[in-house]
Every structure is written in structure tokens, then in C-alpha cells.
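> quick check, what structure comes out for this input:
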Amino acid sequence: MKGYKNTDPINWPEALRSDRERTLTRLYRQTFPMVRHHVLRNQGTEQDAKDLFQDALILFYEKAVSDQLVLTASASTYLVSICRNRWLRELDRRSRRAHLEDDQADTAPLPDELRLVSERDTPSLSEYVERLGDKCRSILTSFYYFQQSMEQIAEKHQYRNVRSATVQKFKCLERLRKSVSEVLLETFYH
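Numbering: from 1, shown residues only. A predicted model of the protein is given here:
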């Protein structure tokens with residue numbers, strides 16, 4: 001962001017506090033097309049772009065309302081920059097995973113005794129989801145397994161609006177990622 005001057009006339013923290021929905025809608029309309037264009041041009045899908053932008057918007061919102069947001073450019077430039085950086089990391093992660101899967105396809109299978117220990121000691125993803133609790137489990141399975149819209153999920157769980165449901169889904173995902181990461185780190189470093 002060096003070299004950019006913040007020419008954004010909007011006080012984003014104030015705008016988000018006073019009319020969050022309208023402000024987020026404005027940001028979405030201004031910025032999402034640029035993010036979608038970038039992701040689609042770089043091996044992504046429309047859904048990848050939506051997920052990426054949603055995460056960036058949540059980050060922007062949380063920083064803005066906690067007075068931790070320091071803009072050196074416009075809010076759109078800031079959000080696009082976050083999305084580009086995160087998309088690069090995602091592409092790198094996908095590339096490494098594909099390379100690892102190719103390498104594993106060339107190796108011999110684990111001996112039975114090692115495979116059984118590995119399968120027994122490593123919980124499945126569904127076990128991690130079960131540990132999250134009823135609300136998070138319901139939100140995540142509704143969205144990812146049953147492919148329900150955030151509007152349906154907000155209504156089902158009686159959230160005031162879609163934004164509240166989206167934030168809750170994000171928090172549930174973060175809890176899931178954290179618990180999986182902790183087990184993976186324990187497995188590899190112990």
C-alpha cells in the first residue's frame with residue numbers, strides 16, 4: 001500500500017456503525033466485481049470469489065468497528081488488495097496440495113499396523129464438526145452440505161439479518177480450522 005494516498009472521503013467506522021447494511025452493500029457493489037474478475041482470471045470460480053470477498057469484508061468490518069482500520073488508500077483498494085493476497089496464498093496452498101497428492105500416488109501404501117494407528121488416532125472432519133456444538137454444526141452443514149443460502153440459514157436460526165448469520169458462520173469456520181490445526185500440529189511435532 002505504500003505510495004497510495006487515502007482519497008476516500010468516507011469515515012468507514014462511522015458509516016458502518018450508523019448504517020452497517022447500507023455501507024456493506026455499497027462496498028460490495030463497488031468492489032466485488034473487481035475481486036470476481038481477478039479470481040476468475042486466476043483459476044478460480046465465482047464461489048471462490050464470493051468466499052474470498054466475504055472473508056475480506058468481515059476482516060474490514062471488524063477492523064473498522066474496533067478502530068484498528070488504517071487506510072492509506074480507498075476502501076475498495078484495501079479490500080481488493082486483501083483479496084489478491086489471500087487468493088495468491090490459496091493458489092499456492094492448492095498447488096502444494098496437488099503436488100503432495102501426486103507424490104503420494106507414487107508411494108507405497110502404509111503397512112496395516114501403521115494405517116490402523118493413523119486412522120484410529122486422527123479424527124475425521126465430521127468428528128471435528130460434532131465437537132463444535134449444535135448451532136455451529138447446523139450452520140456449517142446447512143451451508144456446505146445442504147448448500148442452503150445464507151438467507152435460509154439466517155431465517156432458520158432466527159438471526160436478525162443475513163450479515164449476522166454470515167459472521168456466525170465465519171466464527172464457526174474459524175473454530176473448526178483452529179481445532180483441526182491444533183491436532184495437526186500436535187501430530188507432526190510430537
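> of all residues in this structure, which one is nearest the centre?
Asp55 (4.7 Å; C-alpha atoms, centre = their mean).
> which SSE is immediately downstream of the lowest-mean-pLDDT helix or strand in the chain?
Confidence across the helices and strands of the chain bottoms out at helix 112-121, with a mean of 43, counting by mean pLDDT, DSSP states H and E. On the C-terminal side of helix 112-121, the nearest following helix or strand under DSSP states H and E is helix 125-131.
> which other residues reach that next one?
Contact with helix 125-131 is made by Cys136, Arg137, Leu140, Thr141, Leu176, Ser179, Val180, as judged by C-beta atoms under 8 Å, 6 or more residues apart in numbering. For the C-beta atoms, the positions are set from N, CA and C on the backbone; glycine is no exception.
> could you do stretch 35-52 as well?
Under the criterion C-beta under 8 Å, 6+ apart, residues Phe32, Phe53, Ala56, Leu79, Val80, Cys83, Arg84, Arg86, Trp87, Glu90, Leu91 lie in contact with stretch 35-52.
> 10 Å - rerun?
Residues from elsewhere that reach stretch 35-52, judged by C-beta atoms under 10 Å, 6 or more residues apart in numbering: 28, 32-34, 53, 56-57, 76, 79-80, 82-84, 86-88, 90-91, 94-95, 173.
> same thing with stretch 81-100?
Identification of contacts with stretch 81-100 by C-beta under 10 Å, 6+ apart yields 1, 4, 31-32, 34-36, 38-39, 42-44, 48-49, 51-53, 55-57, 59-60, 73.
> show me which of these are buried.
With neighbours counted by 16 or more other C-beta atoms under 10 Å, the contacts of stretch 81-100 contain buried members at 31-32, 34-36, 38-39, 44, 48-49, 51-53, 55-57, 59-60, 73.
> and the closest residue to Cys136 other than its chain neighbours, what does it touch?
The spatial neighbour of Cys136 that comes closest, neighbours along the chain excluded (C-beta to C-beta, 6 or more residues apart in numbering), is Cys172 at 3.7 Å. When contacts are counted by C-beta under 10 Å, 6+ apart, Cys172 touches Val129, Leu132, Gly133, Lys135, Cys136, Arg137, Ser138, Ile139, Leu140, Phe143.
> all set now, cheers.
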